[in-house]
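> A predicted structure for the sequence below; I have some questions about it.
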Amino acid sequence: MSRYTIYLIEQCNCRCVYCYQTSYERAYTWEEIKVQLDVIIQDGKQDKIIEFIGGEPLLTFDMLVKAYNYLENNLNKITVLRYYISTNLTILNKNILDFFRENDNIFISISLDGNREMNKLRLWRNGKENYFTVVRNIKKLIKNNLNDRLMVHMVCHKENVDNLHKGVKFLNRLGVKAIDIGIVENTMSIDKNFCNSFINEHEKISLDKKKGKLTSVIITLDYEPISLGSFSKKDSTYLIYYLRNYVYKNHINIEQEA
Ligand code: SF4
């Protein structure tokens, strides 16, 4: 299976403190997007997952629909298992909602870092918090029976890591069924205290899963889907090893420190 990422736009209506982008100027033309799509089509029948990202891809909704339709019209040449749209979900009008509802191979990956306190680095362009808008729109998706096709992507950094367990419980109460926990990219440093907190918080999440207190599936670190609830003691040990090795060895700041 191969995974492709299609960049639709550089522009974004937000300015998150840890954003990985350095420029917010461009919206890509159809010709530029089509070049990316044609590479996928040339790859042939091998199973594919396709992710649309930005900037904020819903800012260029017409282009998103056009790109989706272009690939769907080529399904005689390619096999797409599903599409992901990575969005800050600050924009959700009727057209967008209808598009999500009508196309059941589309999954929505929403950036929200947990409860209000945890999400304070996610900001509108004017520097104000976007938390309330995003939560309202998640509720709207759930109300429209899209819960099986949405996932919340939490970014963990040193200002929210100590509350990771609380944040997961909050999203679980909100009704979110899948939570993907990632670590901030190199736009913010992390240290060993961060790593230890990250691991400790995962232990609490794991315990809650085992006690049946959390119904959300937790997908950690973007690599392999891990349902913590099914972990045996041996697997929990593996999980800690896995996290420690990932966190200590794959983050550049830690690498330099080691
Ligand atoms: S939503 Fe935030 S992290 Fe994503 S592109 Fe916009 S400013 Fe950057």
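Perfect, I can see it now.
> host element of Thr5?
strand 2-7 (DSSP states H and E).
> Name all residues that make contact with the residue most central in space within the chain.
Centroid-nearest residue in the chain, with C-alpha atoms, centre = their mean: His153, separated by 3.4 Å. By C-beta atoms under 8 Å, 6 or more residues apart in numbering, the contact set of His153 is 86, 109-112, 180, 182. Heads up, the C-betas are built off the backbone N, CA and C, glycines and all.
> and the strand holding Thr5, average pLDDT?
Averaging pLDDT along strand 2-7 yields 94.
> next one: stretch 160-173
For stretch 160-173, mean pLDDT rounds to 96.
> How about residues contacting it?
Residues from elsewhere that reach stretch 160-173 (C-beta under 8 Å, 6+ apart): 112-115, 117-121, 152, 154, 156, 179, 181, 194, 197-198, 201-202, 204-205, 208, 213-216, 218.
> where are the low-confidence patches of the stretch 151-258 of the chain?
220-258 (pLDDT under 70).
> where does it come near the ligand, residue by residue?
By the rule C-beta under 6 Å from any ligand atom, no part of the stretch 151-258 of the chain lies against the ligand.
> Next, count neighbours for Phe52.
Per other C-beta atoms under 10 Å, the neighbour tally for Phe52 reads 25.
> sorry, that was for Leu123
Neighbour count of Leu123, defined by other C-beta under 10 Å: 17.
> I'd like to know which of the contacts of stretch 160-173 are buried.
112-115, 118-119, 121, 152, 154, 156, 179, 181, 194, 197-198, 201-202, 205, 208, 214, 216, 218 (16 or more other C-beta atoms under 10 Å).
> quick one on the thing from earlier: could you list which of the contacts of stretch 160-173 belong to strands?
152, 154, 156, 179, 181, 218 (DSSP state E).
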